[in-house]
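Asks: Compute the structure for the input listed below.
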Amino acid sequence: MARTRIFIVLVLALTCGGAFAFGTYRYVQQGPAPTAMPTRAVIVAATDLQLGAELKPEDVRIVEWPAGSVPDTAFSSADQVMGRGVISPMVQNEPILSTKLASKEMGVGLPPIITAGMRALSVRVNDVVGVAGYVLPGARVDVIATVNPTQQQTDVTSKVILTNVLVLASGTKIEQDTEKGKPMAVSVVTLLVDPSEAERLTLASTEGKIQLALRNPTDKTAPETSGVRPAALLGYAAARPVAAPRPRAAVKVEAAAAPVLPPAPTVEMIRGDKRAQEVVRQ
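Replies: Numbers count the residues shown, from 1 in each chain. Predicted coordinates for the structure are as follows:
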């Protein structure tokens, strides 16, 4: 009897489950078909793009983008971006916008990156000056100059002359060794500066040595520094010349004239053949 009840309950459960599954399937089949989201073709970067790069066919690709979220300045055809220069770095799969590309008339390379009123100035660096290779395009640096204006060792001064300078490019170029006449690789960093900063940077690199200090790009502060000299670096001030003591004015001291006293009264005494004078004391 118990087995019969268990069998009946099992049959009822299977029947109810099958009925619900069949009803759900029929509802899904008879429901409205999902509508496809409209899309548009958008040109995106196929790889990371650096400042000054010229766009080539292998640098871009076309993806379908939701039509309602396509940026206003996006491109839909690769022909619209071919040969144009990149003026703002882009990462892979980022939509290519007109604000990040130079116009076709401006060409490629550094010229399109230079904003109005600014100049691109290149300086020679080494591994130490270039912060061990961490000075890359888009980084921000301070420029520290070490100059000896009087050729006196005590007057050597290091000072921050430029702050928050944008690095446009970094790399190596081939120059001829003046002594051996052979080509050699020279590291060069190109900085974006205004004309007055370009003058200071040129003078510092010519008359002394420069050092680049890498900084956080979100840090906009520009603290004023007074520079440092060797004496202050070692913790003591430079010795100042000691002024010779001023001679004192000669003071004439006149001795007071001694008062003239009248001679004391004396008495002459005769004793036999001897005479003596005795002073009479009062």
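Asks: my guess is residue 153 meets residue 229, correct?
Replies: No: contact status for residue 153 versus residue 229: not in contact, 9.7 Å apart, counting by CB atoms under 8 Å. Every residue, glycine included, has its C-beta placed from N, CA and C.
Asks: and the two? which has more neighbours close in?
Replies: When neighbours are counted by other CB atoms under 10 Å, residue 153 and residue 229 differ, and residue 229 comes out ahead with 17 against 9.
Asks: Report the contact partners of the more buried one.
Replies: Residue 229 makes contacts with 154, 155, 156, 157, 238, as judged by CB atoms under 8 Å, 6 or more residues apart in numbering.
Asks: Which one of those is nearest to residue 7?
Replies: Distance from residue 7 was checked for each of these by CB to CB. The minimum falls on residue 157, at 101.5 Å.
Asks: Name the nearest residue to the closest one, ignoring sequence neighbours.
Replies: With CB to CB, 6 or more residues apart in numbering as the measure, residue 227 is the residue that lies nearest to residue 157, at 4.7 Å, once sequence neighbours are left out.
Asks: For that neighbour, grab the count of nearby residues.
Replies: Residues within reach of residue 227, counting by other CB under 10 Å, total 14.
Asks: I'd guessed it sits against residue 155; true?
Replies: No: distance between residue 227 and residue 155: 10.8 Å, which falls outside the contact criterion (CB under 8 Å).
Asks: before we move on, which element is residue 27 in?
Replies: Secondary-structure element containing residue 27, defined by DSSP states H and E: helix 2-30.
Asks: ok, and what's touching the helix or strand just after that helix?
Replies: Heading C-terminal from helix 2-30, the first helix or strand you meet, by DSSP H and E, is strand 39-45. When contacts are taken as CB under 8 Å, 6+ apart, the neighbours of strand 39-45 outside the stretch itself are 59-67, 70, 74-78, 80-81, 90-96.
Asks: From those, list the buried ones, please.
Replies: Neighbour-count burial within those applies to 59, 60, 65, 74, 75, 78, 80, 81, 90, 95, 96; the criterion is 16 or more other CB atoms under 10 Å.
Asks: where do the strands sit along the protein?
Replies: For the chain, the strands defined by DSSP state E occupy 39-45, 60-66, 119-125, 140-147, 157-176, 183-193, 209-215, 266-271, 274-279.
Asks: Quick check: which of those is buried the most?
Replies: Neighbour counts (mean count of other CB atoms under 10 Å) averaged over each of these peak at strand 140-147, with a mean of 19.
Asks: Quick check: mean pLDDT of it?
Replies: Across strand 140-147, the average pLDDT comes to 91.
Asks: partners of it in the sheet?
Replies: When sheet partners are counted by DSSP bridges, strand 140-147 sits next to strand 157-176 (antiparallel), strand 209-215 (antiparallel).
Asks: Specify the angle between that strand and strand 119-125 in degrees.
Replies: Angle of strand 140-147 versus strand 119-125, following axes from the mean of the first three to the mean of the last three CA atoms, to 10 degrees, is 60 degrees.
Asks: And for strand 140-147, what's in contact with it?
Replies: Identification of contacts with strand 140-147 by CB under 8 Å, 6+ apart yields 131, 135, 156-167, 191, 200-201, 204, 207-217, 219.
Asks: Can you give me the distance of the most centrally placed residue in the chain to residue 187?
Replies: A centroid search over the chain (CA atoms, centre = their mean) returns residue 141, at 2.5 Å, as the residue closest to the centre. In this structure, residue 141 and residue 187 are 14 Å apart, going by CB to CB, to the nearest Å.
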